[in-house]
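Student: give me a model of this one.
(one chain, ligands or ions: 2)
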Amino acid sequence: MSVKKVYMETFGCQMNVSDSERVATLLETKGFQMTTSEVGADVVLLNTCSVREKAEHKLYTRIGQIRKSSADNFNNSPNSKKPVIGILGCVAQLEGETLFKRDQGIDFVLGTRAVGRVSEAIEKFFDGQKNLVDLGEREFGYDWTVADSQRQFPFVAFVPIIEGCNKFCTYCIVPFSRGREKSLAASDIIRNVLKLRHEGIREVHLIGQNVNSYRPQFDSGLEKFTGATAFSRLLRAVAATGIERIKFTTSFPRDFHTDIVSAIDEHENLCNWVHLPVQSGSNTILRAMRRGHTIESYMSRVDKIKASPRNISLTTDIIVGFPNETEQDFVETLKMVEYCQFTSAYIFKYSPRQGTPAFEMSDNVSAKEKSVRFLELEKAVKNNQQKVFQNYLNKTVKVLVEKNSNKNMAQISGHTTCQTVVNFEGSSELLGKIVNVEILEAKANTLYGKIC
Ligand code: SAM
Ligand code: SF4
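Tutor: Ligands and ions are numbered 1, 2, ... in the order given. Okay, here's the model as predicted:
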């Protein structure tokens, strides 16, 4: 029997990227071959995102394109076959078997915690089982390891520490698509990081919807580490593994204990970056979003972060056009951005998600007004970014070289400890090395420099 080729595309957040890395690892150990093109693939997997409506629409467009490309392929070469299409991840979890009615081209559906059973689903399809849906929990002993060949960047590893979300912000579908918070055992996380270090990984990202809500069932692995919360103890424990760089995302403001900043101050390998989504600068809107923080409590955390001698870079997420957001609320968001001096921000136009409490509210900020606010906020964030970037000019930063630059073949590209992209001239031999770069120029979202 010939080896079956699997092509996979991933939409959405780092958790999905990380799930896909493990799906690919698993499939290769089961004898499938991962391929980089849908053309000629026996199986196409789409790992989906449902955070905004646009992401969901993208899925249906993509299925249409894949079907068309396989039909074109069939016309050119009648021996070719239609690929099996499996839908994974958040849309799969939320829609379940209704996906088969929405799109006739779909062959099986696996929810967010069922991805460890992907090879069984494919095999069952080839054995003749139609319309398989698995929305179950992770199986006992689920394997969290990722093969080096399946990492997005060979020297950077995503390490999940907590799954799911209990926060139920009124606009957000994640608690429904990803289930309740479940922390992984600290001893397993530490063992994993030690193994990654041994294998030559230079940087780990501890990931989860809300990393600082980390609460493992047992203390095992943390006994020797102090801290105000389980998460800050975990940070100290991971720092003690000696891995060169540790980043973590996403932080939830209400659970962001300032001891996290103390841990960063104590350990050089805890990187100078905090991603702390604020969502709005208006207390009225934050209350309606049920975020559990006020703008004052957010800013007091920002003050602590900015007071660190480590020069920690701060990034955020902001939603514009939440129901009933007035011009005044938006002005407060602009003021907050000015105060916080974010290095960058992901800005989203509010998108109503069925099943969330905000879906019952009137989506009464017009599409035009959402666009106006989006552009104005983007401009403010970019202005601030340039102010932050000016501080880097003529200074030397350490960059982990991750890839050849997309735009200029003579350049290589990587991230600072602050998670800013830096491009500079250099050869592929430097991939995976941490090098000193003098910053000479700052453009939108990217710094440029020369090796020194
Ligand atoms: N757990 C993180 C937190 O609480 O900040 C965020 C995770 S969520 C997957 C990523 C971002 O998507 C959110 O921070 C929010 O800005 C955005 N988002 C979530 N639901 C949205 C919606 N219905 N409309 C627009 N943006 C949304
Ligand atoms: Fe969504 Fe709020 Fe949970 Fe973040 S904390 S994933 S925004 S519900």
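
Student: contact residues of the stretch 301-450 of the chain facing ligand 1?
Tutor: With CB under 6 Å from any ligand atom as the criterion, the stretch 301-450 of the chain meets ligand 1 at residues 317, 319, 348, 350-351, 353. C-beta here means a position set from N, CA and C on the backbone, and glycine is covered the same way.

Student: mind listing residues that contact the helix or strand of the chain with the lowest mean pLDDT?
Tutor: Least confident element among the helices and strands of the chain, by mean pLDDT, DSSP states H and E: helix 53-76 (a mean of 82). Under the criterion CB atoms under 8 Å, 6 or more residues apart in numbering, residues 9, 11-12, 38-40, 44, 46, 48-50, 80-83, 85, 87, 91, 102-103, 105-106, 351-353 lie in contact with helix 53-76.

Student: how about E441, nearest residue that isn't a chain neighbour?
Tutor: Nearest non-adjacent residue to E441, counting by CB to CB, 6 or more residues apart in numbering: Y448, 4.2 Å away.

Student: quick one: what helix or strand has the one you found in it?
Tutor: strand 446-451 (DSSP states H and E).

Student: for ligand 2, what are the nearby residues on the stretch 51-200 of the chain?
Tutor: So the stretch 51-200 of the chain meets ligand 2 at 165, 167-169, 172, 174-175 (CB under 6 Å from any ligand atom).

Student: what is the nearest of these to I246?
Tutor: C165 (22.3 Å; CB to CB).

Student: next, the contact list for that closest one, please.
Tutor: When contacts are counted by CB under 8 Å, 6+ apart, C165 touches 172, 174-175, 178, 180-181, 209-210.

Student: apply 7 Å and report the result again.
Tutor: C165 is in contact with 174-175, 178, 181, 209-210, counting by CB atoms under 7 Å, 6 or more residues apart in numbering.

Student: ok, F32 next?
Tutor: Counted by CB under 7 Å, 6+ apart, F32 has contacts 3-4, 6.

Student: quick one: which of those is nearest ligand 2?
Tutor: Taking CB to the nearest ligand atom as the measure, V6 is the one of these closest to ligand 2, at 29.0 Å.

Student: near A410, how many other residues are there?
Tutor: Here the count is done by other CB atoms under 10 Å, and A410 has 10 residues near it.

Student: do N131 as well
Tutor: 12.

Student: from D103, how far off is it?
Tutor: Counting by CB to CB, to the nearest Å, the gap from N131 to D103 is 12 Å.

Student: tell me where the stretch 101-250 of the chain has helices.
Tutor: 118-126, 174-178, 186-198, 230-239 (DSSP state H, counting those that start in this stretch).

Student: adding mean pLDDT, write these out as a markdown table.
Tutor: Converted to a markdown table, those look like this (pLDDT from 0 to 100):
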| stretch | mean pLDDT |
| --- | --- |
| helix 118-126 | 96 |
| helix 174-178 | 96 |
| helix 186-198 | 96 |
| helix 230-239 | 98 |
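
Student: now tabulate those helices in CSV and tack on mean neighbour count.
Tutor: As requested, those are exported to CSV (neighbours: other CB atoms under 10 Å):
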stretch, mean neighbour count
helix 118-126, 18
helix 174-178, 21
helix 186-198, 18
helix 230-239, 24
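
Student: quick one, which of the ones you listed gets closest to ligand 1.
Tutor: Among the helices of the stretch 101-250 of the chain, helix 174-178 comes nearest to ligand 1, with 5.1 Å by CB to the nearest ligand atom.

Student: now the closest one, how far from the centre of its chain.
Tutor: Computed by CA atoms, centre = their mean, to the nearest Å, the separation of helix 174-178 from the middle of its chain amounts to 15 Å.

Student: try stretch 267-281
Tutor: Its chain's C-alpha centre and that of stretch 267-281 lie 14 Å apart, by CA atoms, centre = their mean.

Student: now do the buried residues in that stretch.
Tutor: Using 16 or more other CB atoms under 10 Å as the test for burial, stretch 267-281 gives 267, 269-281.

Student: then stretch 422-442?
Tutor: Neighbour count says stretch 422-442 has 422-424, 426, 431-432, 434-435, 437, 439, 442 buried, by 16+ other CB under 10 Å.

Student: so T316, which state does it fall into?
Tutor: At T316 the chain is in strand, as set by DSSP: H, G, I helix; E, B strand; the rest coil.

Student: residue numbering should commence at 25 henceforth.
Tutor: Okay, using 25 as the starting number, the last item reads as T340.

Student: now the end-to-end length of stretch 225-242.
Tutor: 27 Å (CA to CA, to the nearest Å).

Student: right, is that stretch up against ligand 1?
Tutor: Yes: counting by CB under 6 Å from any ligand atom, ligand 1 has neighbours in stretch 225-242: 233-234.

Student: buried residues, that stretch. List them.
Tutor: Buried residues in stretch 225-242 (16+ other CB under 10 Å): 225-238, 240.

Student: from R141, how far off is E147?
Tutor: To R141, E147 is 10 Å away according to CB to CB.

Student: filter the contacts of F56 to the buried ones?
Tutor: Neighbour counting by 16+ other CB under 10 Å classes 28, 30 among these as buried.

Student: go through the contacts of F56 and flag which are in strands.
Tutor: V30 (DSSP state E).

Student: nearest to V421, of the contacts of F56?
Tutor: V30 (39.1 Å).

Student: which residues are in contact with that closest one?
Tutor: Counting by CB under 7 Å, 6+ apart, V30 has contacts 51, 56-59, 65-67, 69.

Student: number of nearby residues for the closest residue to ligand 2 within the stretch 275-424 of the chain?
Tutor: Proximity of the stretch 275-424 of the chain to ligand 2 (CB to the nearest ligand atom) peaks at F276, 5.4 Å away. For F276, the neighbour count with other CB under 10 Å is 20.

Student: if we can go back for a sec, compare the residues of the stretch 325-474 of the chain next to ligand 1 and tell me which has the most neighbours.
Tutor: Highest count within these by other CB under 10 Å belongs to I343, 25 neighbours.

Student: what secondary structure does that residue sit in?
Tutor: strand.

Student: that one and K78, how far apart?
Tutor: Taken as CB to CB, the span from I343 to K78 is 14 Å.

Student: rewinding a little: closest one of the contacts of F56 to ligand 1?
Tutor: Closest approach to ligand 1 among these (CB to the nearest ligand atom): V30, at 26.0 Å.

Student: is the closest one bridged to anything, and to what?
Tutor: M58, V67 (DSSP bridges).

Student: what's the pLDDT at it?
Tutor: If you check V30, the pLDDT there is 97.

Student: could you do I475 as well?
Tutor: Looking at I475, the pLDDT reads 96.

Student: what's near enough to touch G345?
Tutor: 373-374, 389, 393-394, 397.

Student: and if you look at Y322?
Tutor: Y322 sits next to 277, 302 when contact means CB under 7 Å, 6+ apart.

Student: that older thread, tell me the one of the contacts of V30 nearest ligand 1?
Tutor: L69 (20.6 Å).
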